[in-house]
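Novice: pasting a predicted model and its sequence here:
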Amino acid sequence: MNPQLHSRRAFTLLEVLVAIVIFGMILLTIYSTWMMILRADRAGKHAAAEAQRERIATRTIEEALSCVQSYNESLQYYSFVADNGDETLSFVARLPSSFPRSGRFGDLTTRRVEFRVEPDPESGKRLVMRQSPIVMDFEQSEIDNPLLLARDVEEMSFEFWEQRRNDWVDEWTQTNQLPKMLKLNLRFGSGGMSGSYSTSRDREVSRIIALPSMTVPSLYQVGAQQQQPGGQPGVPGRPGQPVPGRPGNPNPTPIQQPGGFK
């Protein structure tokens, strides 16, 4: 018998089982590491999307409020409505061409803007924006398809600076006037993320926005007092009164000279 044949040994069944177990543990470790990387990547993208939607929502509201307008002569068109119960903010602004959806309205730059938190058809609640020219109602297409600013918005609330109280109030009943400052509060949900990488707590964003305009009095909207030829300043719709002794006066007052009237 050849002695070299006796020196060769094959793997036993126990050694094969141990090798399979070790190989399975290595595969499990690689799979676990890969899943952790995927979850971390998903959480990072979700956090970036949350920060982006928060920035867009607050920036859009700030930009619209910075262009707010109100005229006392046409208050039925320029009312300023902020309702914490309905989570609605509505006002008129002269918006720039860079404002979202401005291309849809062309040269109609003065528009009513409405921000509202309403139920999301998918889940939760969403923050949307609607626009319409100042003397027109919202079109049906604008009602059915508003501009979506953010999803998973749990709450939108406002506070207003009251000069007489020198403090913030949570109700603005003077719809014919503009507040000096407005505090915007937005609370965002976690967006349905679950697991150890989720942002389970709601995030709150607060901004204090100073409105750069005030309600324009009727006098400045209609025009200053008009000067009539040969007369005194009048009011809108009324001619000026003739001034005695001036050309154009049908009954000039005689001018007194030394020694009597001549």
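Specialist: Yep, that arrived.
Novice: residues of stretch 206-224 that come out buried?
Specialist: Buried positions in stretch 206-224, judged by neighbour count with 16 or more other Cβ atoms under 10 Å: 209, 211, 215. For every residue, glycine as well, the C-beta is placed using N, CA and C.
Novice: oh sorry, the question was meant for stretch 173-186
Specialist: For stretch 173-186, a neighbour-count test (16+ other Cβ under 10 Å) marks 178, 179, 182, 183, 184, 186 as buried.
Novice: show me the shaky parts of the chain.
Specialist: Along the chain, the parts satisfying pLDDT under 70 run over 1-8, 191-201, 221-262.
Novice: where do the helices of it begin and end?
Specialist: 3-7, 13-65, 140-144, 218-222 (DSSP state H).
Novice: which of these sits closest to residue 117?
Specialist: With Cβ to Cβ, the closest approach to residue 117 among the helices of the chain belongs to helix 13-65: 10.3 Å.
Novice: for the closest one, the distance to its chain's centre please.
Specialist: Offset of helix 13-65 from its chain centre (Cα atoms, centre = their mean, to the nearest Å): 32 Å.
Novice: check stretch 166-186 too.
Specialist: With Cα atoms, centre = their mean, you get 15 Å for stretch 166-186.
Novice: next one: stretch 122-134
Specialist: Put simply, stretch 122-134 sits 10 Å off its chain's centre (Cα atoms, centre = their mean).
Novice: can you list the buried residues in it?
Specialist: 125, 126, 127, 128, 129, 130, 131, 132, 133, 134.
Novice: quick one: which of those is nearest to residue 203?
Specialist: residue 127 (13.7 Å).
Novice: contacting residues around residue 11?
Specialist: Applying Cβ atoms under 8 Å, 6 or more residues apart in numbering to residue 11 gives the contacts residue 19.
Novice: distance of it from residue 134?
Specialist: Distance of residue 11 to residue 134, given as Cβ to Cβ, to the nearest Å: 86 Å.
Novice: count of residues packed around the closest residue to residue 204 other than its chain neighbours?
Specialist: Spatial nearest neighbour of residue 204, excluding adjacent residues (Cβ to Cβ, 6 or more residues apart in numbering): residue 187 at 5.0 Å. Residue 187: 16 surrounding residues under other Cβ atoms under 10 Å.
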